[in-house]
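**Q** can't give you the sequence, but here's the structure:
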């Protein structure tokens, strides 16, 4: 599995934007970039995914570099409920047989009131 | 719509005993995955079912672990006999077509 690199931790203030970076220099042409987060005492939760173009949904935005070797998860206005561990994961294309997620250490996001 | 449900939420057993964890995926999801996090380490993949068939069991640590998925619905993960190093949180996830995965709350297993 291609590897991703994320900072161990980041901090933000409530209602400010947060940019969570991820490096994936060995990404293959067919790997999708997925982001999950894990809130305290809960299972991981899907956030967003993309292939080449930037993506937006109700939770966040995903900005993907033109060479696809890095990406950034953007939380437009952090809330206290966004405090979690954020995981950047490369995954096989949808519909392929193998869909396991390979979790790294992730980034611990702390949001200050 | 009900999410992924795992039973029990917490289990404490003695070394050498048997424990069975259960996962009820979201209805209609053919793909079911088991993961676990042990002793503060990263979440690790265990295995993947497509309906009732094991698609990928490369993450199963040893033959003390047995996973089944009856009729392509719920799944069980049995640990027999349990060892101290099996302590951790076991997560189940399901997805319709290897797109976004929906995780359960996890089962915290403590082997003493």
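**A** On my side now, so go ahead. In this text the structure is predicted, and so the values were computed from the model without any measurement.

**Q** Going by C-alpha atoms from here, please, whenever you check contacts or count neighbours.
**A** Fine.

**Q** give the contact list for residue B:15.
**A** B:81, B:82, B:83, B:84, B:111, B:112 (CA atoms under 8 Å, 6 or more residues apart in numbering or on different chains).

**Q** Count the neighbours of the residue of chain B found nearest chain A for me.
**A** Using CA to the nearest CA, the closest approach of chain B to chain A is made by residue B:105 at 4.7 Å. For residue B:105, the neighbour count with other CA atoms under 10 Å in any protein chain shown is 22.

**Q** Next: the one 5 residues further on.
**A** Counted with other CA under 10 Å, the neighbours of residue B:110 add up to 19.

**Q** gap between it and residue A:6?
**A** To residue A:6, residue B:110 is 30 Å away according to CA to CA, to the nearest Å.

**Q** Enumerate the residues of chain B near chain A.
**A** B:33, B:42-45, B:48, B:55-56, B:91, B:97-106 (CA under 8 Å from any CA of the partner chain).

**Q** So which residue is dead centre in chain B?
**A** Residue closest to the average C-alpha location in chain B (CA atoms, centre = their mean): residue B:34, at 3.7 Å.

**Q** Other residues contacting the host helix or strand of that one?
**A** Following DSSP states H and E, one finds residue B:34 within strand B:31-37. Strand B:31-37 is contacted by residues A:100, B:25, B:43-51, B:88-98 when judged by CA under 8 Å, 6+ apart.

**Q** What are the boundaries of the strands in chain A?
**A** With DSSP state E as the criterion, chain A has strands at A:9-13, A:18-23, A:32-38, A:45-50, A:55-56, A:61-64, A:70-75, A:84-91, A:107-112.

**Q** To residue B:16, which of these lies closest?
**A** Nearest to residue B:16 among the strands of chain A is strand A:32-38 (31.4 Å), distances taken as CA to CA.

**Q** how much does that closest one deviate in direction from strand A:107-112?
**A** Angle, strand A:32-38 to strand A:107-112, by axes from the mean of the first three to the mean of the last three CA atoms, to 10 degrees: 50 degrees.

**Q** that older thread, run me through the strand neighbours of the strand holding residue B:34, direction for each.
**A** strand B:44-50 (antiparallel), strand B:88-95 (antiparallel) (DSSP bridges).

**Q** how close does the residue nearest to the centre of chain B get to residue A:7?
**A** Relative to residue A:7, and taking CA to CA, residue B:34 is found at 27 Å.

**Q** same question, residue B:110
**A** In terms of CA to CA, residue B:110 sits 30 Å off from residue A:7.

**Q** Check residue B:66 too.
**A** Taking CA to CA, one finds residue B:66 at 36 Å from residue A:7.

**Q** circling back: how about the contacts made by the residue of chain B closest to chain A?
**A** So residue B:105 contacts A:41, A:42, A:43, B:4, B:5, B:6, B:9, B:91 (CA under 8 Å, 6+ apart).

**Q** you'd agree it is in a helix?
**A** No. Counting by DSSP: H, G, I helix; E, B strand; the rest coil, residue B:105 is not found in a helix; it is coil.

**Q** No further questions, thank you.
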